[in-house]
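A.B. asks: What would the 3D arrangement of this be:
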Amino acid sequence: MIYTVTLNPSIDYVVKLNNLSTGDINRSSEEYVYPGGKGINVSLILKELGYKSNALGFISGFTGQYIESILNERGLNSDFIKLENGFTRINVKIKSNEETEINGQGPHISSEKLDKLYEKIESLNEDDILVLAGSIPSTLDEKLYENIMARIENKGIKVVVDATKNLLLNVLKYKPFLIKPNNIELEEMFNVKLETTEDIVLYANKLKEMGAKNVLVSMGKDGGLLVTEDNKVLKSSVAKGEVKNSVGAGDSMVGGFIAGYLKNKSYEEALKLGAASGSATAFSYDLATSDFINELLEQINIEYIN
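C.D. replies: Numbers count the residues shown, from 1 in each chain. This is a model prediction of the structure:
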């Protein structure tokens with residue numbers, strides 16, 4: 001079974017405006033409401049591609065109930081821990097001449113509730129995949145991902161980590177199966193400017209040397225690059241389309257990669273399906289559908305750099 005962890009899920013309220021005028025009344029031209037959170041996005045893409053997963057994390061209040069009900073309607077398994085205080089956050093995403101986001105904080109998570117999450121994760125076994133995605137709420141220890149991986153270190157669980165800078169760097173000692181920085185995050189980790197594909201390969205290899213088994217770098221309009229556990233370097237081409245939504249594209253790439261890998265343990269197929277899934281979401285207003293992913297899959301080519 002695949003398990004995804006979203007510590008601070010959200011309702012994403014997406015508003016489209018012809019022009020945003022601050023300090024004035026604005027009227028939307030389009031509105032959408034989605035369940036949000038990186039782990040949830042991964043689970044939803046896996047569901048589209050025919051793979052079951054179980055979404056873990058914390059929810060609270062009427063907004064948390066809404067997320068749970070929507071995921072149930074979509075046929076997604078979830079096992080959220082319910083909090084008594086506050087409410088699951090609402091993120092407002094304004095799409096106008098520029099994209100503007102206002103992200104809520106989310107409720108406080110007590111140590112007792114956190115222990116319940118640990119218990120659920122410690123019940124996993126070596127046939128399972130665990131996806132740790134997104135930021136850690138300010139009310140929790142920033143070493144939470146490290147603590148989780150330490151607890152399951154010797155169980156043979158494949159752990160996928162999609163997080164930024166130190167959250168990612170600090171888990172490498174536990175040898176995650178896959179990490180997925182983007183090229184900008186890679187620059188921030190090493191305080192460098194990456195000018196070429198060779199530069200990206202160099203620093204992706206450094207992450208591998210630090211402990212990651214596989215390093216997947218999303219590069220936006222330049223596709224994706226994968227350094228595998230057997231020291232192969234693969235690069236994907238890019239599908240053609242109009243970018244409508246940057247939110248969730250990286251999560252879709254992770255979901256597609258996992259689904260592609262599980263088919264026959266082929267990293268080439270994993271990268272290809274990951275690239276198609278990421279592009280399909282970028283070209284959609286919501287997360288991509290399986291039909292659109294499969295349509296774009298025909299456009300994706302994989303090149304072996306070495």
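A.B. asks: got the phi/psi numbers for Ala212?
C.D. replies: Per-residue torsions, Ala212: phi -70, psi 140 (degrees, to the nearest 10).
A.B. asks: Wait, it touches Lys175, no?
C.D. replies: Yes. The pair Ala212 and Lys175 qualifies as a contact (CB atoms under 8 Å) at a distance of 7.2 Å. C-beta: built from backbone N, CA, C; applies to glycine.
A.B. asks: So between these two, which is more surrounded?
C.D. replies: Ala212 (27 against 14; other CB atoms under 10 Å).
A.B. asks: host element of the residue positioned nearest the centre of the chain?
C.D. replies: Nearest to the geometric centre of the chain sits Asp251, at 3.1 Å (CA atoms, centre = their mean). Using DSSP states H and E, Asp251 maps to helix 249-264.
A.B. asks: Only the buried residues of that helix, if you could.
C.D. replies: Buried residues in helix 249-264, defined by neighbour count with 16 or more other CB atoms under 10 Å: 249-262.
A.B. asks: now the helices for the stretch 151-300 of the chain?
C.D. replies: Assignment of helices within the stretch 151-300 of the chain using DSSP state H, counting those that start in this stretch yields the ranges 165-169, 183-190, 197-209, 249-264, 267-282, 290-297.
A.B. asks: for those helices, which one sits closest to Arg74?
C.D. replies: helix 290-297 (12.6 Å; CB to CB).
A.B. asks: got the CA positions of stretch 198-212 in PDB?
C.D. replies: Extracted C-alpha coordinates of stretch 198-212, given in PDB (Å, rounded to 0.1, in the frame of the first residue of the first chain):
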ATOM      1  CA  GLU A 198      25.400  19.300 -16.500                       C
ATOM      2  CA  ASP A 199      25.200  21.600 -13.400                       C
ATOM      3  CA  ILE A 200      21.900  20.000 -12.400                       C
ATOM      4  CA  VAL A 201      23.400  16.500 -12.800                       C
ATOM      5  CA  LEU A 202      26.400  17.500 -10.700                       C
ATOM      6  CA  TYR A 203      24.300  18.700  -7.700                       C
ATOM      7  CA  ALA A 204      21.700  15.900  -8.100                       C
ATOM      8  CA  ASN A 205      24.600  13.500  -7.700                       C
ATOM      9  CA  LYS A 206      25.700  15.300  -4.600                       C
ATOM     10  CA  LEU A 207      22.300  14.600  -3.100                       C
ATOM     11  CA  LYS A 208      22.700  11.000  -4.000                       C
ATOM     12  CA  GLU A 209      26.100  10.900  -2.400                       C
ATOM     13  CA  MET A 210      24.600  12.300   0.700                       C
ATOM     14  CA  GLY A 211      22.200   9.400   0.900                       C
ATOM     15  CA  ALA A 212      19.200   9.600  -1.500                       C
END
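A.B. asks: Pull the number of nearby residues for the closest residue in space to Ser290 that isn't next to it in sequence.
C.D. replies: Spatially, and ignoring its direct neighbours in sequence, Ser290 is nearest to Glu48 (4.3 Å; CB to CB, 6 or more residues apart in numbering). Counted with other CB under 10 Å, residues neighbouring Glu48 total 23.
A.B. asks: Same check on the one 5 residues further on?
C.D. replies: Ser53 is flanked by 24 other residues according to other CB under 10 Å.
A.B. asks: who touches the nearest residue to it once chain neighbours are set aside in this structure?
C.D. replies: Leaving aside its chain neighbours, Ser53 sits nearest to Ile2 (4.0 Å; criterion: CB to CB, 6+ apart). Residues near Ile2 by CB atoms under 8 Å, 6 or more residues apart in numbering: 43, 46, 51-54, 128-131, 258.
A.B. asks: Pull up the gap between the closest residue to Phe190 other than its chain neighbours and Met219, please.
C.D. replies: Spatially, and ignoring its direct neighbours in sequence, Phe190 is nearest to Tyr203 (5.4 Å; CB to CB, 6+ apart). Separation of Tyr203 from Met219 (CB to CB, to the nearest Å): 12 Å.
A.B. asks: what's the answer for Ser290, then?
C.D. replies: The value you get for Ser290 to Met219, if CB to CB is used, is 24 Å.
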